[in-house]
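[1] missing the sequence, but the structure's below:
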Ligand SMILES: [Zn+2]
Ligand SMILES: [Zn+2]
Ligand SMILES: [Zn+2]
């Protein structure tokens, strides 16, 4: 082998590629092996080298692929590259994140420097030597600028290892466990095997556990890795104190906004200080009691202990996410109980859940004479039918399409079940919001309801606070001794250990009493695994939003003794969120509800919708509900004549506004957003506001986080009216809007690119959710050419066109779009 | 092996379903990464870059005096720091890149003033 450096040639006359892959130097691209020093850079986080080649199918050069997938950001050029060994960093502040770096030229010389975005803000400039307005990002079109890091020649690329995007993804995945793994390791048997997929039917609960157990473990591991890798540096703290005298730390977490991490109230965070203002390092654990909302971006953390808290320090804190296995543990435990405890569910439910054929069973039920529950609205025909059939069956599914009164129906069912069956009814849903809503409705019927929340959520204010178990304990005036301790604890913050012991035992006693006297116990599915509930048997269980829970999650409430179970949901809307792609693909993202539907348990469908203007329900009804959705509201009830908005057809408040602005690529540094649509969005919003629509009645929906934050900022920056008005408008992802409604919805589709797909929007369930949030009107902003390539969107666009609601041009002068669509090849399912 | 190098190679890449997924995934992560980077800037309270162009580079490197590096390339001086020490490096930019074109035209306009 020749002396390596002599082979490198900056002009690319020689390819610098070694024919014997075994002899690749350390600086060879870890993906493809290219090792021309002019074409590779070193990732400073992992000390691996990558090239700047874009191979046939991958988007983005190898180095960018790596930085993005590994979430690394700092790089160094090769010593033998034209610039020599150079760490790419901001000349002014030393920041190294290459996604924030760009060149700026001097005004009168051919001199350039690298500056980060923050340092190149032209607004603060006094000296005019540099032309900050010319800032040129280092990363262009998902690779490094070719004159900084040479794109390998075609010849080099042909001779290099051809790696596919999925191979890159698996290798990166492997590196998180084994930094030295190579492509060859990927082909070794056994390691990368696909997990065993879920089935429709299972022999027994052991087989069930053997399949779901590993899938859930994969998901847990992934979640853990994701959470624990998320450290946020340079956090600025504002110290505060809660009403309960606990120490509060308030701060902003940028990572949250990118959707990188999902933070929920009750999550644990670790706060660390290692700055110079204190002698030793300090750390404190707390749980989140507030997450960012429209009014404030702050996260509020309640510290468990207030010892040596560095209240005099505000800067240089670090926040780590503490992963908790509780919910996963409870799912695993539920599966185990399902397998080993024959009393966990009734025989009938056991076999039904496993997909066995069993004789249909009817329960002997003393049917109520009146189906409407006290203080709840009268039920319509299909709701009465649902209630009636559920009461007599041991296992039933209710499908509630958007706006069909799912919560009222569920509450009514619970009311009757609580009166008909012995013991308490257990009412669950995957999300706290849904549980709270249902709790409130059930409370209205006059039943005795207890809402059990996680300990970490106790400090939280909710509309049903007074129904929570801990509040009921505190407000329980039958036990003066307990009252005394409650008062002491409130005043002192903490009790002496002797007193604490006594207090706890009294509290447990009170809890037991309250639970035993209740008619209904409400909690999240995971909450049903709370130790305080494990001694009880719940033979009647209702699970709302059941289509948004993973199977093992649904099992937690069921294995507390279910003999009669009702699952409520809609499998045509978004399903459970599974982060691990492999686990999702193996079927973990299929809900129990969905599987039961596949097993021919027919869901009882609620058929009358009370939300949308009839023109808005037409497409979803035809596309997702076999045309069965009826309108419980009339056109007249859903027309707001007082709102002056230029609907193309006044009595049909829907509009698809065509725009052809590109989705943004990296050249401007902001990716996946669409400025044209954001601009149009602001105009539509302004028009609505001027017409008298309240900000809280408008929702902006977008599938992309980039667009979400861009639209928020753009409205603040460019909004024609008072800035505060725009602040109150909710801008969120489709997923965040599931289960909710607004008067007017603006959907900005973002995707506008000739080559790539339409991403998130191609999921019919997401489209269904996006289209069914509005009561009075929908405005869709998008590129019809790109969207129409998708069969479902083609149908949607055709409908808008036929109704003369497909338009273009300024709001003040909308014109019908004459665009012609060609039917995409494959038909929608 | 010799022959292989001169073959008229046509690389037909059949994109696998998994690859499409991986691409889509990359796109999402890329967009997040960008967004995150942009957003971290919001928290920064850094001062805008305001330094003068060092005099010693200034001489003989004005718009007129700039060297053509050949092959349609223009030599620019890159100012870097190693520790606190200033360093200058030469970097060749393509003459037809919009960065070079607009920098040049602005400089010319500046000089006419
Ligand atoms: Zn790396
Ligand atoms: Zn490479
Ligand atoms: Zn900087």
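    Thanks, I have the structure now. In this text the structure is predicted, and so the values were computed from the model without any measurement. Ligands and ions are numbered 1, 2, ... in the order given.
[2] residue A:780 looks like it's in a strand, true?
    Yes. According to DSSP: H, G, I helix; E, B strand; the rest coil, residue A:780 belongs to a strand.
[3] in the stretch 301-450 of chain A, where is pLDDT below threshold?
    Counting by pLDDT under 70, the stretch 301-450 of chain A contains no low-confidence range.
[4] quick one, strands of it?
    A:317-322, A:395-399, A:425-429, A:449-451 (DSSP state E, counting those that start in this stretch).
[5] now for the helix or strand just after the shortest one, which elements pack on it?
    Using DSSP states H and E, the helix or strand that follows strand A:449-451 in sequence is helix A:469-474. Counting contacts by 3 or more CB pairs under 8 Å, 6 or more residues apart in numbering or on different chains; DSSP states H and E, helix A:469-474 packs against strand A:449-451, helix A:497-517. (C-beta placed from N, C-alpha, C; glycine too.)
[6] ok, 10 Å please
    If you count contacts as 3 or more CB pairs under 10 Å, 6 or more residues apart in numbering or on different chains; DSSP states H and E, helix A:469-474 packs onto strand A:449-451, helix A:480-492, helix A:497-517, strand A:520-524.
[7] hey, which of the ones you listed is tucked in deepest?
    Of those, the one with the most neighbours on average (mean count of other CB atoms under 10 Å in any protein chain shown) is strand A:520-524, at a mean of 28.
[8] next SSE downstream of that strand?
    Heading C-terminal from strand A:520-524 (DSSP H and E), you reach strand A:540-543.
[9] tell me the strands beside that next one, with direction?
    The strands beside strand A:540-543 in its sheet (DSSP bridges) come out as strand A:425-429 (parallel), strand A:564-569 (parallel).
[10] surely residue A:246 meets residue A:302?
    Yes. Using CB atoms under 10 Å, residue A:246 makes contact with residue A:302 at a distance of 5.0 Å.
[11] the more surrounded of these two?
    residue A:302 (20 against 17; other CB atoms under 10 Å in any protein chain shown).
[12] next, the contact list for the more buried one, please.
    Residues near residue A:302 by CB atoms under 10 Å, 6 or more residues apart in numbering or on different chains: A:240-242, A:244, A:246-249, A:286-290, A:456, A:459.
[13] restricted to strands, list those residues.
    A:240-241, A:247-249, A:286-290 (DSSP state E).
[14] the bottom helix or strand of the chain by mean pLDDT?
    Unless you meant another one, I'm taking chain A. helix A:254-257 (a mean of 66; mean pLDDT, DSSP states H and E).
[15] sorry, I should have been clearer: chain B.
    For chain B, using mean pLDDT, DSSP H and E, the weakest element among its helices and strands is helix B:2-6, scoring a mean of 35.
[16] moving C-terminal from it, which element do we reach first?
    Sequence-wise, the next helix or strand downstream of helix B:2-6 (DSSP H and E) is helix B:17-43.
[17] hmm, back to that, where do the contact lists of residue A:246 and residue A:302 overlap?
    With CB under 10 Å, 6+ apart as the test, residue A:246 and residue A:302 both reach A:240, A:286, A:289, A:459.
[18] tell me the bridge partners for the second one.
    Which is residue A:286. residue A:269, residue A:303.
[19] if I look at it, how far off is ligand 3?
    In this structure, residue A:286 and ligand 3 are 32 Å apart, going by CB to the ion, to the nearest Å.
[20] what residues are up against that residue?
    Applying CB under 10 Å, 6+ apart, the residues contacting residue A:286 are A:246-249, A:267-271, A:300-306, A:322, A:456.
[21] need the strands for the stretch 51-200 of chain A, in chain order.
    A:75-77, A:101-105, A:111-116, A:136-137, A:139-140, A:143-144.
[22] what's the closest of these to ligand 2?
    Smallest distance to ligand 2 across those (CB to the ion): 10.9 Å, for strand A:143-144.
[23] that closest one vs ligand 2: in contact?
    No. Strand A:143-144 does not reach ligand 2 (CB under 5 Å from the ion); its nearest approach is 10.9 Å.
[24] elements contacting that strand?
    Identification of packing neighbours for strand A:143-144 by 3+ CB pairs under 10 Å, 6+ apart yields helix A:62-70.
[25] ok, the helix it packs on near ligand 2 or not?
    Yes. Using CB under 5 Å from the ion, helix A:62-70 reaches ligand 2 at residue A:62.
[26] tell me the bridge partners for residue A:136.
    residue A:103.
[27] was I right about it contacting residue A:145?
    Yes. Contact criterion CB under 10 Å: residue A:136 and residue A:145 qualify, at 7.5 Å.
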